[in-house]
Structure formats: structure tokens, C-alpha cells
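> Here is my input, please return the structure:
(2 chains)
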Amino acid sequence: MTTPRWRGTVIYLGSLAAIGAAGFTKFAVLAPTATVAESSTDSTADGSSGTGQAAPSTDPATSTGAGSTSDAGTTTNDTVTVVGSSVQTRYGPVQVSVTFTAGQITDVQTLQVPGGHHESVQINARAAPILAQEVVDAQSAQIDTVSGATYTSEAYAQSVQSAIDQQG
Amino acid sequence: MTTTTWEAPPLAPLTRPRRTRTRSGVLPTLWLGVLAVLAFWWTGTTASTGATPGGALMSLGELAGLLASYLVCAQLLLIGRVPWFERGIGFDRLVAWHRSLGTSVVLLVLTHVVLMIVGGSLLDGLSVWSEVPAVLATQPYLWPAVIGTILFLAVGISSARLARRHLSYEVWFAVHLTVYVGIFLAFAHQVAGGTHFVDSLVARGLWIVLYAGTAAALLTWRVALPLLAHRRFGMRVSAVVPEANGLASVWVHGHGLSRLGARGGQFFLVRFLTPGHRATAHPYSLSMAPTDDHLRFTVGALGDHSSAVADLRPGTRVQVEGPFGTFTADRATSDRALLVAGGAGVGPVRALAEELLAQGRHLVVLHRAHDAASLALAAEFTPSPGLTYVPVPGRRAQLGYDPLDAQHLLRLVPDIASRDVFVCGPPAMADAVARSARAVGVPRSAIHREEIDS
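Down below sits the predicted model:
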């Protein structure tokens, strides 16, 4: 049996149309309502520091710059909390705040982690305390990645480093 | 009765035809799989991903990659000799679908690569040229995937019609085998780096099951069972008998061959284990209903190696895969049939006629050939009350007409409309007969065709 000549190409074009249609429905038709839901979850994540963040849906250039604009740390005695820059990963933004007491890192709070998927919430919930402890132990951003959360770990380290850089 | 190999019809009671080729669920299942992949992407993607153009492009690129990945498994299963597929669709149509999907897969892989690079460069705020080394440095298992993609492209290009014309079967086959390496290399970056897998154990599990299942199917039906059969049947060439012009019969001896369950009209992928033949498996049709210790293939001078069967020595070991094909007696819908054979198509028609006669059906066999000397196996169609044999030699140019057009077909077989029409021969001839038969009132469901092409 001879293969119909353009069937493979037709199937490909059909797939492209399906991909385009799926993307259009997901990103153009359903986007507005979903964005509202997204920003509401972010505001709860930000609650720990109360420092305003750039919304994750803004373009990467502004998000990365967010760290330098929001570096006004809150000071209590000699305790300083510095907000690190928001680091874009393939799965969403990661941002932390680092608390310095007398020049030592005493705490790291997670402000933003990618929470797009059901499972990623769990993974990041597991990873965040481990990463925070690693930073406190190492007193630097030189930390091991948590398995299963490679991206979060790398972005986490970057955000920590930016906070350390701001603190001087 | 007059020849040793032709058994006269034993006038067995007419058995009601059993239609095995009911509407198969194979292709709908494959399309359902596509929908499942779309649903998988849909549920794992948040609408905010599309808030930036880069995020949207990358997400669509991932969908293209997921579809390509799924279709690769589908493609492998199609040519995996899976019995359910073979019964439902038939080997030749499976190969045709495999080819078509191959084009789609290669194009989808390219689309995936382009969308990921362009989308990623927008997201990272890099130029396209600096994005490539950046993702290669950070994304897990991307280097192997790049090599895998190159292998995919090589397989795709070597399988394109234009390239196939210039490549020998062996070169093409060698390139084709590397696709397994390509698939292996491309797998890790999917589950380790794909946004839909990286943080979902369930998704990773499902994807691994899809690939492991495909691999298991291939190992079972393309490797383990053929090797077992090879040991068990111990097939060897017992004789090579020249037939008419350009045709020769290869007799293969083995043990317990009835366990193959082969039917007249079916074919095997046959590999002769001797230098010059070892690398090539050819689709050869049975030219008589198989016995417990003999198979016979009548082979035309088609392809690069078929014609060399004359050199085969008795005793040469033979490896077969099969049987394949749905051109069998149980597709008959009435007790009368017209069989049209052209060229090497006479082999399957001869085997099919034997079974149809054994079922007590009444047959007319039309045998087309360029000239009388090319009417291979003609002596085996011993006329009997149940069998009318009509040789139709001569090129159309010499005859001045096409003996298989509607008008002449009707003159040769006046009651054609009440018969099943089985046609086996070159695609153009099969087309012509199918067209003529439709024109003189044979229902589509009663036309059964098998193409023998180079």
C-alpha cells in the first residue's frame, strides 16, 4: 500500500492548528479571570514581610529589577530584613527575603515560589524550609539544590545572593 | 489432483464467512491519546503562563514536544507487529500510517525546538543566539536531546521519498535503527526538564509507563517472539524453483508450521540468513496454503534483492515475521468470487484460491500478464467445476484496450456483480480493477485488494 502523499504534513498542520487553538483558548480567552486568581495567591505569599512585590505576571525585565527597587529593608534594632530580587524560572518567579542580625543571616522567608501546579506547591513547601536552613547554616548563597526542586533551589540561591549583595 | 501441490476442492460444506476485520478501534484509540495529551497539557498549564509572549510560546512549544513524544510511541507501536493492530488495520496500512506520522513527528520536533528557543529568549531577555548556549548550560539532559533531535532529522530525511530513491535499503535501515538511540537520548530532557513533569510524580510516572510499555511491546513482538519462533520452527530453504519470466518459488521447510496460523493470501517478512540477504527482510506472500512442514513464496523480480533468490542454496536458514495481511478467505461475503491476479500477485491469489475452493466457493481467476510466458503458476489452476481459469496475457498497448476496464471485465465475468472481487497486483492494476468493479455494481464491501509493489 502506498502512503498517501501529504497525509503526514496534513496531520502536522492539523496538530499546529490544535496547538494554536489550545493556546488561544488558554491564554487569550481564559486569561483575565485566571490572572486575578493568581495575584490573590501571591498576596498571601507576600504576607510574611509585607513588602510590596512586582506581580509575577509583569514582564521579566521589571520582575528582575524588582529587587533593587524594593531593597528598603525593615530595620529593628540591628536586625535587617532585605528583600532579594525576584528570579524568573521556567516555572514562575522565586523571591526571598533574608534577615540579618548583627551581620549574620538568621532567617530566610520565601516570598514567591512557583505554585502553578498542584504538586509544585507541595514540593516547594517541602523545599523552602530546607533551603532556608541551608542558607542559615552556610551563611551564604552557596547551597545544595534540593532534589526534585532544582529550579526553585537555583533561583532561591540567586535571590538570596542578591539580598546579600544589597546588605553589603 | 493433477499436480502434487494443488489439492482439489474437497467440497467441504460452505462455512459462513467470519468477518474478522470489523471496524477496528486502533486509530480512534490513537486519536484519543492525542486528546489525552492535550488535556494533560491543559490541566498542567496556568493561564498566567501566557501573560508574557515568551511564556506563551514556550508553553505551546512544550505542547508540540508532548505531541511529538506521544506520536513517536504511537509510531513505534504501529510497526511493532502488535497482533491487535495487525488484525485491526493490517500491516501495509500500518506501515503507511507509520510513514505519515513520521513526517508529522519530525515537523513537530522542529516546531518544539523553534518555539522553545524563541519563547525562551523572550522570557530570559536574551537574543536567540545567546539563548541557545544558555539553555544548554542550565537545562537538564538537553545535550543528549540535541543529539537525539539530529538523529530524528537524519531518519526523517533518509525516509523522504526523494532520498529513498537514492539510498539502498541497508543504508536506510541502518539510519532508521539509530532512531531508537535518538528516542532514548531525547527522553530524559522531557521528564527531567519539562514543566509538566518536573514537579509532578504522577505525570512522570505516566510518561515513563508510556515509554516502558512501548519498549516492552517492541521487545515482545519484534525481538523475543520472532527469535523464539526462529528456534522453534527451524526454517530452511528446501528448494528454489524458477517459475515463469522473472518469478521463482522459494520452498521453505520447517517444523510445526501450522502453529503460525498463516492463511492463504497473507505474507511474511522473510529474511534469508546468508551473505547479501541477511540485512534485508522482504514482504513475501505465500503462494500456497501452508502445510505443517512447508511454506512456499513465489517472488517477483522486484526490489534490489528479490531477484537474487535464484542464487539461494537449499539449507539456507530462514527467519520470518508474520503472518501479516488481511487478504484472506474469511473476507468473502458470498459463495462466489472473482480473483484477479497481476504479475507477482498470482502467488497470493493462488494460495487464496486454494482456501476459497476448500470452503466450497465457486471461483473465476483472471490472470493478467505482459505475455503468455509470464503466466506463472498457470498450470496449478487446474480447471474444475468450482474453478474457471482465464489467462489474460498481452500489454494494453498491443491489445489496443484495457481488458480490466468495466466493459471488458463484465464481458469476461458476466455475473461479477454477485461476486466478491479479490484483486492482487501492482497498485495501478488494483486501482483499475476496483474502479471497474464499482462501475459494474460490485459493492465496496465486496472488493478486497492487496498491492504488490516494489
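> Excluding covalently adjacent residues, which one is nearest to B:Val146?
The spatial neighbour of B:Val146 that comes closest, neighbours along the chain excluded (CB to CB, 6 or more residues apart in numbering or on different chains), is B:Leu136 at 7.3 Å. No exception for glycine: its C-beta is placed from N, CA and C like everyone else's.
> Oh, that last question was meant for B:Trp207, not what I typed.
B:Val191 (5.8 Å).
> and that neighbour, what element?
In the assignment (DSSP states H and E), B:Val191 maps to helix B:169-193.
> Now do the helices in chain B.
B:26-43, B:53-78, B:83-88, B:91-124, B:128-138, B:142-159, B:161-166, B:169-193, B:201-218, B:225-233, B:346-358, B:396-399, B:406-412, B:427-439 (DSSP state H).
> Could you double-check that the residue nearest to B:Trp207 sits in contact with B:Arg204?
Yes - assessed by CB atoms under 8 Å, B:Val191 is found in contact with B:Arg204 at 5.0 Å.
> Now do the shared contacts for these two.
B:Phe197 (CB atoms under 8 Å, 6 or more residues apart in numbering or on different chains).
> gap between B:Thr280 and B:Phe173?
With distances taken as CB to CB, to the nearest Å, B:Thr280 is found 8 Å from B:Phe173.
> Need the pLDDT of B:Val34.
As predicted, B:Val34 sits at a pLDDT of 92.
> Report the separation between B:Asp402 and A:Ala157.
Distance from B:Asp402 to A:Ala157, by CB to CB: 78 Å.
> oh, I was asking about A:Val96
A:Val96 is 9 Å from A:Ala157, by CB to CB.
> who's more crowded, these two?
A:Val96 (30 against 24; other CB atoms under 10 Å in any protein chain shown).
> Relative to A:Ser159, how far out is the more buried one?
Counting by CB to CB - A:Val96 and A:Ser159 are separated by 5 Å.
> Please enumerate the shared neighbours of those two.
A:Gly84.
> just for the stretch 301-450 of chain B, where's the confidence low?
B:301-307 (pLDDT under 70).
> Near chain A, which residues of it are found?
B:Pro427 (CB under 8 Å from any CB of the partner chain).
> Most proximal residue of the stretch 301-450 of chain B with respect to chain A?
B:Pro427 (5.8 Å; CB to the nearest CB).
> ok, and the closest non-adjacent residue to that residue?
Per CB to CB, 6+ apart, closest to B:Pro427 is B:Glu451, 4.6 Å.
> what do you get for B:His253?
That would be B:Ser238: by CB to CB, 6+ apart, it lies 4.0 Å from B:His253.
> Tell me the gap between stretch B:144-155 and the middle of its chain.
25 Å (CA atoms, centre = their mean, to the nearest Å).
> so who does B:Asp92 touch?
A:Met1, B:Phe324, B:Gly325, B:Glu450, B:Glu451.
> Can you pick out the most distant pair from these?
B:Phe324 and B:Glu451 (13.3 Å; CB to CB).
> Next, the contact list for B:Ile157, please.
So B:Ile157 contacts B:Ala163 (CB under 8 Å, 6+ apart).
> Could you measure from it over to chain A?
Counting by CB to the nearest CB, to the nearest Å, the gap from B:Ile157 to chain A is 14 Å.
> Number of residues surrounding B:Ala406?
18.
> That one: what's it in contact with?
B:Arg435, B:Ser436, B:Ala439, B:Val440.
> can you check B:Ser287 too?
So B:Ser287 contacts B:Ser249, B:Arg296, B:Phe297, B:Thr298, B:Val346, B:Gly347, B:Pro348, B:Arg350, B:Ala351, B:Leu377 (CB under 8 Å, 6+ apart).
> give me the low-pLDDT residue ranges for chain A?
A:1-2, A:31-77, A:90-91, A:115-124, A:147-148, A:150.
> mind listing the helices in chain A by residue range?
So, for chain A - with DSSP H - the helices run A:7-24, A:31-46, A:60-69, A:118-138, A:150-167.
> quick revisit: look up the pLDDT of the residue nearest to B:His253 for me, please.
92.
> How about B:Ala337: which residues does it bridge to?
B:Leu363, B:Asp420 (DSSP bridges).
> now it: how far from B:Gly44?
B:Ala337 is 55 Å from B:Gly44, by CB to CB.
> same thing with B:Leu94?
B:Leu94 is 31 Å from B:Gly44, by CB to CB.
> go on, B:His367?
60 Å.
> What of B:Leu177?
On the measure of CB to CB, B:Leu177 and B:Gly44 end up 34 Å apart.
> out of the two, which sits in the more crowded spot?
Neighbour count, other CB under 10 Å: between B:Leu177 and B:Gly44, B:Gly44 has more, with 23 against 10.
> I'd assumed B:Val202 was in contact with the more buried one.
No - checked against CB under 8 Å, the pair B:Gly44 and B:Val202 is beyond contact range at 10.3 Å.
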